[in-house]
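Trainee: compute the structure for the input listed below.
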Amino acid sequence: ERAITRWYYRDAQRILRSMPHLKIIGITGSFGKTSTKHFLYRVLSERYNVLMTPGNFNTTLGVVRTVREHLKPHHEVFIVEMGAKQRGDIKEICDLVQPTIGVVSSVGEMHLETFGSLENVARTKFELIEALPEGGFGVVNVDSKPAADYLKALSRKVVTYAIENSEADYRATNIRYAASETTFDVAHNATVQSGYATHILGRGNLLNITAAIAVAEYLGISV
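Mentor: Predicted structure coming up:
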């Protein structure tokens, strides 16, 4: 079984190496990563041919299967959801796909039975940021206090997003709730872009949408 698994892994590596211009985005977090993946897929599909890992295919073997069964030469962006239950899980996926963009949606008390501490959770989630190449684009939710605290000790330059944290690079603001939709603005670089609206409820989802907006702007998607 190990030999078969290694063959599948190397075959996925071969496919990825054959597509050097593919933009690879990693998304991880204790919560919010799946929603962020879907929002980002929808927004980036306005301009790019996008593939995302389906369902809960967020392990190394799930990503290998996605690459071998679904990734085609016409794809321009590959969004990879990355799950973890122990230290090194995120790094293992990053070693395979080598992302140039990474989003950390949160750090929380998930899988403490295997991680042992919140610090180990943070260290594992930030394996994604550490794996980005020089000039890569990291995006971190600083309304997640453990993520914000871990980021302070990190020398990597990243873009931050939030609702509450006024120091974030991207911030959802002027949130207005109605029966049919939620409207909000996004503050960035001392400017406020108004006119965003969603039928999806919850401040957590506005955070996830803001993360997608930050990545979309980096990849040249117009407002």
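Trainee: quick check: bridge partners of Gly138?
Mentor: Gly102 (DSSP bridges).
Trainee: surely it touches Val159?
Mentor: Yes. Counting by Cβ atoms under 8 Å, Val159 is a contact partner of Gly138 at 6.8 Å. Where C-beta positions appear, they are placed from N, C-alpha and C, glycine not excepted.
Trainee: who has more neighbours, those two?
Mentor: Gly138 (24 against 18; other Cβ atoms under 10 Å).
Trainee: from Glu69, how far off is that one?
Mentor: 29 Å (Cβ to Cβ, to the nearest Å).
Trainee: helices and strands of the protein: which one bottoms out on pLDDT?
Mentor: Lowest by mean pLDDT, DSSP states H and E among the helices and strands of the chain is helix 112-115, with a mean of 73.
Trainee: buried set for that one?
Mentor: For helix 112-115, the neighbour count (16 or more other Cβ atoms under 10 Å) marks Phe115 as buried.
Trainee: and the next helix or strand after it, how far out from the chain middle?
Mentor: Later in the chain than helix 112-115, the nearest helix or strand by DSSP states H and E is helix 118-125. Remark: helix 118-125 is offset 16 Å from the chain centroid, using Cα atoms, centre = their mean, to the nearest Å.
Trainee: again, but for stretch 203-221
Mentor: 10 Å.
Trainee: quick one: mean pLDDT for it?
Mentor: Mean pLDDT, computed over stretch 203-221, is 97.
Trainee: same deal with stretch 138-146?
Mentor: On average, stretch 138-146 scores 97.
Trainee: start to end distance for it?
Mentor: Start and end residues of stretch 138-146 are separated by 16 Å (Cα to Cα, to the nearest Å).
Trainee: list the buried residues of it.
Mentor: 138-144, 146.
Trainee: so the residue positioned nearest the centre of the chain is in which element?
Mentor: Most central in the chain under Cα atoms, centre = their mean is Ile27, positioned 2.3 Å from the mean C-alpha point. Element membership for Ile27 (DSSP H and E) is strand 23-28.
Trainee: can you give me the helices for this structure?
Mentor: In the chain, the helices defined using DSSP state H lie at 2-17, 33-44, 60-70, 89-97, 112-115, 118-125, 127-131, 145-152, 203-218.
Trainee: how far does the fifth one sit from its chain's centre?
Mentor: Right, helix 112-115. 22 Å.
Trainee: for this protein, what are the low-confidence residue spans?
Mentor: In the predicted model of the chain, residues 111 satisfy pLDDT under 70.
Trainee: OK, contacts around Phe115?
Mentor: 85-87, 121, 124 (Cβ atoms under 8 Å, 6 or more residues apart in numbering).
Trainee: swap in 6 Å and give it another go.
Mentor: Val121 (Cβ atoms under 6 Å, 6 or more residues apart in numbering).
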